[in-house]
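**Q** Next comes the sequence, and after it the predicted model I'd like to discuss.
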Amino acid sequence: MANPSGGTARLNARDRVFFEALATDNSVVRAAKLAGYGRSSVYRYRDADPHFRADWDRATEAAVARLEAEIAERAAGVARSTALRV
């Protein structure tokens, strides 16, 4: 949905889709596309709206925590398989 200024109108449901997708894989481009926003639009929203920025930061932190946990799990698996071979 376009707004009079030529950007994309923000909707709470679309914001939720964006932040859930961002928290899943930390890709702004993919999250924006899934939510129906343009990449440049979400960066404008982040710069203009402190609540949007805070939600963005939380989603990014969740994505990083998920990736760190996956790395630790994979490293533990490698360590176990290496120990079994020794």
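**A** In hand now; what should we look at?

**Q** What does the pLDDT read for R80?
**A** For R80, the pLDDT comes out at 67.

**Q** same question, A21
**A** pLDDT, A21: 97.

**Q** neighbours of it, just the number please.
**A** By other Cβ atoms under 10 Å, the residues close to A21 number 20. Using the backbone N, CA and C atoms, a C-beta is placed for each residue, glycine as well.

**Q** measure it to D47 for me?
**A** 20 Å (Cβ to Cβ, to the nearest Å).

**Q** Can you point out the buried residues in the longest helix seen in the chain?
**A** Once the chain is assigned using DSSP state H, the helix that runs over the most residues is helix 50-85. Across helix 50-85, burial judged by 16 or more other Cβ atoms under 10 Å covers F52, D55, W56, A59, A62, A63.

**Q** got it, and stretch 37-48?
**A** For stretch 37-48, burial by neighbour count (16+ other Cβ under 10 Å) applies to Y37, S41, V42, Y45, R46.

**Q** The fourth one is in contact with R10, isn't it?
**A** Yes - in this structure, Y45 is within contact of R10 by Cβ atoms under 8 Å, at 6.4 Å.

**Q** For those two, list the residues in contact with both.
**A** In terms of Cβ atoms under 8 Å, 6 or more residues apart in numbering, Y45 and R10 are both contacted by the residues Y37.

**Q** elements contacting the worst-scoring helix or strand of the chain on mean pLDDT?
**A** Ranking every helix and strand in the chain by mean pLDDT, DSSP states H and E puts helix 50-85 at the bottom, with a mean of 86. Helices and strands touching helix 50-85, by 3 or more Cβ pairs under 8 Å, 6 or more residues apart in numbering; DSSP states H and E, are helix 12-25, helix 39-48.
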